[in-house]
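**Q** with the input below, show me the fold.
(chains A, B, C and D)
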Protein chains: 2
Amino acid sequence: MSKSSISNSVIRRLPRYYRFLGELENNGYVRISSRELSEKMGLTASQIRQDFNCFGEFGQQGYGYNVSDLRIEIGKILGLDKQTPMILLGAGNLGKAIAAHIDFRNKGFDLIGAFDVNEGIIGKEIGDLKVRGIDELSTFCAENKPVAAILCVPMGAAEKLANTLIECGVKAFWNFTHYDLKVTHKGVAVENVHLGDSLTTLSYCLNNLNNSEK
Amino acid sequence: MSKSSISNSVIRRLPRYYRFLGELENNGYVRISSRELSEKMGLTASQIRQDFNCFGEFGQQGYGYNVSDLRIEIGKILGLDKQTPMILLGAGNLGKAIAAHIDFRNKGFDLIGAFDVNEGIIGKEIGDLKVRGIDELSTFCAENKPVAAILCVPMGAAEKLANTLIECGVKAFWNFTHYDLKVTHKGVAVENVHLGDSLTTLSYCLNNLNNSEK
DNA sequence: ATCAGTTTGTCAAGAATTAAACAAAGTATT
DNA sequence: AATACTTTGTTTAATTCTTGACAAACTGAT
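**A** Next up is the predicted model:
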């Protein structure tokens, strides 16, 4: 209720801070200054101090920041102390790979179900989950109350499915479809991934390498 | 040599413009105004006009933009008229899924090889490619001159592998590892994806939904 | 051909983001 | 305990990005 209006730029940097602090901790760092962190991360020390100050005063003059404490604080800000129940929609190549590849527990989520329409996929195992038919979706949601969903379905199915899920109480979408999911409903969070756009951007950068020098 | 210093914000929007223009064309649109496009994309018309103007004058007063022509122009800007040879490093779950899921040809690339260290994976098929052992990498590069690489290897292997590939002539990296690949070498393009950070951001947004209203 | 309406390209104002600067408050060593 | 050094939190300045405004130029209908 307190910390409204954190800028999007700051939010986008938070996961990276969290990641670097974890690595520092693993490498035995107990404390770190904004200057040293800025060198490791390729940012300015000023920006780091200002980012952290959006959420409170975590450092100490003359000392710097306690790595472990700061990491825990940022983890709380990111909601990583929670375990939001999440389901996967679309258990094809990509959905399966994401379910297997991501460490959900350390990202604030708990993957509790997977669904597909393809008869050839239904019943198969993904990790310790069995893929369910999409017809079981509403019953499952009523019983297990998932709050987040991964969308790995074809573009055409995305919008309708998202609306169904919202009716079932889903409040967060991690969207890998080619459909730009809009945040029309209030109180719903959307993260559009768009791997294709990412690769397209790389194409631009590659083809304009020589021009980029000022 | 002409169009230096296009801002990163503009570049990040280009793939989305290209995508939307493709959909418009498929839906039979011949022309579109910045105002109408802005409504569809959720941007301001002013921003769209200024973005396009970074690259030339593609519109016509009183008429708008020709959808097909504009799409082709943006495609050229993005380098999508090329077919840059690309290889995949790490053909596990994620690598396989990406290779299968992405339409490389329409993103300016051509996937010509896949490599792994795991004996259980070497020799398997990914699409029409056979996974090669990593020991074949330098020979393959010498013969086939790949210019881009997808990194889907464990974090610990990323940096060393990237340096090897740069020596082999690779100039663009699509990096899915947890390692933040830095662009130290001049003339090398890097696109770090970091799916974990994306999910972490979603966790933040979900846990701060109520606070985000001003 | 003229005229009302539309839409671009561009300039200038406004916001937002990033960087620099520095006093205040700590640390560490003598 | 005193002094030199370090580093934060915060203010101020610079830069970048976005939006608003409007003349110039075109369309399309009369």
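
**Q** any idea how far A:Leu94 lies from A:Ala100?
**A** 11 Å (C-beta to C-beta, to the nearest Å). For the C-beta atoms, the positions are set from N, CA and C on the backbone; glycine is no exception.

**Q** which residues touch stretch A:69-81?
**A** Residues from elsewhere that reach stretch A:69-81, judged by C-beta atoms under 8 Å, 6 or more residues apart in numbering or on different chains: A:14-15, A:17-18, A:21-22, A:25, A:52, A:55-56, A:58-59, A:106-108, B:200, B:203-204, B:206-208.

**Q** show me just the buried residues among those residues.
**A** When those are checked for burial by 16 or more other C-beta atoms under 10 Å in any protein chain shown, the buried set is A:14-15, A:17-18, A:21-22, A:25, A:52, A:55, A:59, A:107-108, B:200, B:203-204, B:206-208.

**Q** quick one: is stretch A:65-83 near DNA strand C?
**A** No. Judged by C-beta under 7 Å from any atom of the strand, stretch A:65-83 makes no contact with DNA strand C; its nearest approach is 10.9 Å.

**Q** can you point me to the longest strand in chain A?
**A** strand A:109-116 (DSSP state E).

**Q** mind listing what's buried in it?
**A** Buried residues in strand A:109-116 (16+ other C-beta under 10 Å): A:109, A:111-116.

**Q** what number of residues lie near A:Ile74?
**A** For A:Ile74, the neighbour count with other C-beta atoms under 10 Å in any protein chain shown is 23.

**Q** do A:Val117 as well
**A** A:Val117: 16 neighbours (other C-beta under 10 Å).

**Q** quick one, what contacts it?
**A** A:133-134.

**Q** backbone dihedrals for it, please?
**A** Backbone torsions of A:Val117, given as degrees, to the nearest 10, read phi -100, psi -20.

**Q** now A:Ile121
**A** phi -100, psi -40.

**Q** please apply the same query to A:Val193.
**A** phi -90, psi -50.

**Q** get me the contact residues on chain A for DNA strand D.
**A** A:32-36, A:45-46, A:49-50, A:52-53, A:57-65.

**Q** mind giving me the PyMOL select for those residues, buried ones only?
**A** The PyMOL selection below is limited to those of the residues of chain A next to DNA strand D classed as buried (16+ other C-beta under 10 Å):
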select buried, chain A and resi 32+33+34+49+52+59+64+65
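
**Q** which of the residues of chain A next to DNA strand D fall within helices?
**A** Of the positions in the residues of chain A next to DNA strand D, A:34-36, A:45-46, A:49-50, A:52-53 sit in helices, assigned by DSSP state H.

**Q** any chance of these in a markdown table, plus distance to A:Glu191 and pLDDT?
**A** Shown next, in a markdown table, are these (distance: C-beta to C-beta, whole Å; pLDDT from 0 to 100):
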| residue | distance to A:Glu191 | pLDDT |
| --- | --- | --- |
| A:Ser34 | 28 | 98 |
| A:Arg35 | 32 | 98 |
| A:Glu36 | 31 | 98 |
| A:Ala45 | 29 | 98 |
| A:Ser46 | 28 | 98 |
| A:Arg49 | 27 | 98 |
| A:Gln50 | 24 | 98 |
| A:Phe52 | 23 | 98 |
| A:Asn53 | 25 | 97 |
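
**Q** list just the nearest of those to chain B.
**A** Using C-beta to the nearest C-beta, A:Phe52 comes nearest to chain B of those, at 14.8 Å.

**Q** nearest spatial neighbour of that closest one, skipping sequence neighbours?
**A** A:Phe58 (5.4 Å; C-beta to C-beta, 6 or more residues apart in numbering or on different chains).

**Q** who are the contact partners of the nearest residue to A:Leu37 once chain neighbours are set aside?
**A** Distances taken as C-beta to C-beta, 6+ apart put A:Ile48 closest to A:Leu37, at 5.7 Å, once the chain neighbours are dropped. A:Ile48 makes contacts with A:17, A:34, A:37-38, A:41, as judged by C-beta under 8 Å, 6+ apart.

**Q** cutoff 10 Å now
**A** A:13, A:17, A:32-35, A:37-38, A:41, A:59, A:65 (C-beta atoms under 10 Å, 6 or more residues apart in numbering or on different chains).

**Q** isn't A:Asn192 up against A:Lys182?
**A** Yes. Here A:Asn192 reaches A:Lys182: they are 9.3 Å apart, a contact under C-beta atoms under 10 Å.

**Q** what's the local residue count around the residue lying closest to A:Arg13 once chain neighbours are set aside?
**A** Spatial nearest neighbour of A:Arg13, excluding adjacent residues (C-beta to C-beta, 6+ apart): A:Asp51 at 6.0 Å. If you count neighbours by other C-beta under 10 Å, A:Asp51 ends up with 20.

**Q** and chain A, split by domain according to the record?
**A** Here the domain assignment for chain A is A:3-77, A:84-197, based on automatic domain parsing.

**Q** contact residues of chain A facing DNA strand C?
**A** Checking chain A against DNA strand C by C-beta under 7 Å from any atom of the strand, the hits are A:7-10, A:43-44, A:46-47, A:49-50, A:60-63.

**Q** try it again at 6 Å.
**A** A:7-9, A:44, A:46-47, A:50, A:60-63 (C-beta under 6 Å from any atom of the strand).

**Q** which one of these sits closest to chain B?
**A** So of the residues of chain A next to DNA strand C, ranked by how close each gets to chain B (C-beta to the nearest C-beta), first place is A:Asn8, at 9.5 Å.

**Q** number of nearby residues for the closest one?
**A** For A:Asn8, using other C-beta under 10 Å, the count is 9.

**Q** contacting residues around it?
**A** Contacts of A:Asn8 by C-beta under 10 Å, 6+ apart are B:201, B:205.

**Q** relative to A:Leu14, how far out is it?
**A** From A:Asn8 to A:Leu14 the distance is 11 Å (C-beta to C-beta).

**Q** please consider this matter closed, and thank you.
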